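S.K.: Please find the sequence and the predicted model below.
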Amino acid sequence: MDCLFCAIIAGEIPSRQVYADDLTVAFLDISPWHRGHTLVVPRRHVTDVLSDPSALGEIAASVTATAALLVDKLNADGVNVLINSGAVAGQEVFHLHVHLIPRYADRPGMAGLMEREQNIDLDAVHQCLVG
């Protein structure tokens, strides 16, 4: 299998991991929309949210825990939770992943989500999250 996220989970490709448990790994997106944009992925390979009805339930607690971490450590005012399923929906890596995108009061609403922040220092964000 040639899966980018499976390689990250296996430690073959480095990532800025912010959360992990027996079922999931969460790491910073390398091309974030907003400061703290994080992906939560199941450790087992699942192509997308529609290919296995049990997969979303298996990772739900990790999604919630990671979102709470982002809000707490980054002082976010909210978070968008997004799943793309299929290429036409924008899925680029075909391993189920949940985007957690911290949101801040200075850029509210869906219009603010679509405006990608520039010059995000991933190392500084990672340090803030994991200390």
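M.R.: Cool, got the structure. Numbering: from 1, shown residues only.

S.K.: Run through the neighbouring helices and strands of the lowest-mean-pLDDT helix or strand in the chain.
M.R.: In the chain, no helix or strand scores lower on mean pLDDT, DSSP states H and E than helix 109-114, which sits at a mean of 87. Here helix 109-114 touches strand 98-103, going by 3 or more Cβ pairs under 8 Å, 6 or more residues apart in numbering; DSSP states H and E. In this view, the C-beta of every residue, glycine as well, is placed from N, C-alpha and C.

S.K.: Who are the packing partners of the strand it packs on?
M.R.: Strand 98-103 packs on strand 38-42, helix 55-74, strand 78-82, helix 109-114, going by 3+ Cβ pairs under 8 Å, 6+ apart.

S.K.: and the angle for the third one with helix 55-74?
M.R.: The reference is to strand 78-82. Put simply, strand 78-82 runs at 150 degrees to helix 55-74, going by axes from the mean of the first three to the mean of the last three Cα atoms, to 10 degrees.

S.K.: Just give me the residue closest to the centre of this structure.
M.R.: Residue closest to the mean C-alpha point of the chain, counted by Cα atoms, centre = their mean, is Leu39 at 1.5 Å.

S.K.: Please tell me how far that residue sits from Arg116.
M.R.: 16 Å (Cβ to Cβ, to the nearest Å).

S.K.: again with Tyr19
M.R.: Tyr19 is 23 Å from Arg116, by Cβ to Cβ.

S.K.: Between the two, which has more neighbouring residues?
M.R.: Tyr19 (21 against 11; other Cβ atoms under 10 Å).
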